[in-house]
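Asks: Please work out how this folds:
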Amino acid sequence: MIQRTRCPSCRTVFRVSEAQLEQADALVRCGRCGRVFNGRQQLLDAAESASADPETIKRLLLAEDDGGRGRHRGVWWLAVLLAALALIGQLAYLQRAELGRLPGLGPWVERLCAAVPGCRIPPRRDPARILLLSRNVYAHPRVEGALVITATIANGADFPQPPPTLLVSLSNVRGQVVARRYFEPAEYLPPDRDPDRPLEPGESVSITLEVLDPGQEAMAFELDFL
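Replies: Coordinates of the predicted model:
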């Protein structure tokens, strides 16, 4: 049924159906002044409706039009929130190793990572806390032109960490490097030790390296942990 309602601000009269009022919970917006009001409360009685000369407009603007814009704004803010969460998630993924070390946060990071396919938390490592307990170098007893380097290293950290990569540098009397080589754990650890097994806190391991003898210029050597 078509009824008539009147804007309480500009007194403009509009035609409105019960279906429209029901759809918008009775809230309508005046197409002339923009005032939002309760269309049911401003309905004209039969006498007023008969005497009123309603302005002809294309449509009555229901409050849902504002609500539609509100919903669009809500969707936009939801999209912004989801994008922000996605960015935070990406940053957390990239920093998962560091986040996993924070007190109380590690177990949560591990659970979240376990729920993401392909996610793996890199093991904590601090090569600066690998200790060199002893070292020695001598001519290879069976291979001419080769040297044998022996050393004992230990994990001085309070957490397990992977065996480090070794950098062996041989230098001359002037301190100039004359030979250098990198050794991965599988190359220097004893054959009966799994190179992927971490060094436990305080654990030590003896290593043996065989390198070419760069000649009489090699007067000193250094072991660096990477």
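
Asks: Show me this structure divided up by domain.
Replies: What the record gives for the chain is the domain set 2-59, 66-114, 127-225, from automatic domain parsing.

Asks: I'd like these laid out as TSV, including distance to residue 120 and mean neighbour count.
Replies: Heads up, the C-betas are built off the backbone N, CA and C, glycines and all. Formatted as TSV, the entries for those read as follows, by distance: least, C-beta to C-beta, whole Å; neighbours: other C-beta atoms under 10 Å:
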stretch	distance to residue 120	mean neighbour count
domain 2-59	52	15
domain 66-114	7	12
domain 127-225	13	15
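
Asks: Adding mean pLDDT, write these out as CSV.
Replies: As requested, the domains of the chain are arranged in CSV below (pLDDT from 0 to 100):
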stretch, mean pLDDT
domain 2-59, 78
domain 66-114, 62
domain 127-225, 88
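
Asks: what about residue 22, which SS state?
Replies: Secondary structure, DSSP: H, G, I helix; E, B strand; the rest coil: residue 22 is helix.

Asks: er, residue 150 I mean
Replies: Here residue 150 is recorded as strand under three-state DSSP.

Asks: and it, what is it in contact with?
Replies: Counting by C-beta atoms under 8 Å, 6 or more residues apart in numbering, residue 150 makes contact with 134-137, 206-209.

Asks: Mind doing that once more with 7 Å?
Replies: For residue 150, the set of contacting residues under the criterion of C-beta atoms under 7 Å, 6 or more residues apart in numbering consists of 136, 208.

Asks: would you say residue 153 is within a strand?
Replies: Yes. Membership of residue 153 in a strand is supported by three-state DSSP.
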